[in-house]
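Trainee: Got a predicted model here, sequence first, then my questions.
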Amino acid sequence: MKRKYATAIIFAVAAIGFTWVSPYIAMYRISIAAKSVRLENLAQHANLPAVRASVTRQLLAAGEAGNAEELKETLDTILSPPGITVLILHGKQGADGQRHDFGMAYRSWNEVVLRRKGAGPAASQFVLRRHGIWDWQLTEIILPPELL
């Protein structure tokens, strides 16, 4: 009987631990997909229309969109796999020139924000939303003020 309880506790702790670490695994998968330079790979881990809409809102609010053609080119550059890779690397690079890990903050059970630890709003922020039990999708990129 004790063995059953111990096994149940071990599985419960493992499930809770995996649930907590799953956004980090998702961000790792997103960065690998972006580095592969294939939009199909990235589309599996990111809701690209939602990311495009969030970046469009930010660019329009900052007054960066001169005309429709410039806005489209800017969005295509930012939301290409190399563009997202640069944002991820920029998000990890600190002012001291050192690479830093991402910190995680849950907004809700289904939404988490990843950004460089200790960076505040000065670094790119990546919003992931739960897609299933342990799977996450990139749904928003919040650009730092210096890139707007």
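Mentor: In hand now; what should we look at?
Trainee: Grab the CA positions of stretch 33-42 and hand them over as CSV.
Mentor: The C-alpha trace of stretch 33-42 is given here as CSV (Å, rounded to 0.1, in the frame of the first residue of the first chain):
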residue,chain,number,x,y,z
ALA,A,33,12.8,26.1,-35.4
ALA,A,34,13.7,29.8,-36.0
LYS,A,35,17.4,28.8,-36.5
SER,A,36,16.4,26.2,-39.0
VAL,A,37,15.3,29.1,-41.4
ARG,A,38,12.2,27.1,-42.5
LEU,A,39,8.9,28.9,-42.0
GLU,A,40,7.1,25.6,-41.8
ASN,A,41,9.1,24.5,-38.8
LEU,A,42,8.5,27.8,-37.0
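Trainee: which strands and helices sit next to the helix or strand hosting Phe11?
Mentor: Element membership for Phe11 (DSSP states H and E) is helix 2-35. Helix 2-35 makes packing contacts with helix 39-45, helix 81-92, strand 102-108, strand 111-116, strand 125-130, strand 136-142 when contacts are defined by 3 or more Cβ pairs under 8 Å, 6 or more residues apart in numbering; DSSP states H and E. (C-beta placed from N, C-alpha, C; glycine too.)
Trainee: how about the ones you listed, which one is nearest Phe11?
Mentor: Of all the helices and strands packed on helix 2-35, strand 125-130 sits nearest to Phe11, with 20.8 Å by Cβ to Cβ.
Trainee: Which residues are in contact with the residue nearest in space to the middle of the chain?
Mentor: For the chain, the residue nearest the mean C-alpha position is Phe126 (3.3 Å; Cα atoms, centre = their mean). By Cβ atoms under 8 Å, 6 or more residues apart in numbering, the contact list for Phe126 reads 27, 30, 88, 91, 102, 113-115, 138, 140-142.
Trainee: May I have the distance across stretch 130-146, first residue to last?
Mentor: 29 Å (Cα to Cα, to the nearest Å).
Trainee: which of the residues in it are buried?
Mentor: Using 16 or more other Cβ atoms under 10 Å as the test for burial, stretch 130-146 gives 130, 136-144.
Trainee: ok, so of these, who is nearest Pro81?
Mentor: Nearest to Pro81 among those, with distances taken as Cβ to Cβ, is Leu138, at 12.1 Å.
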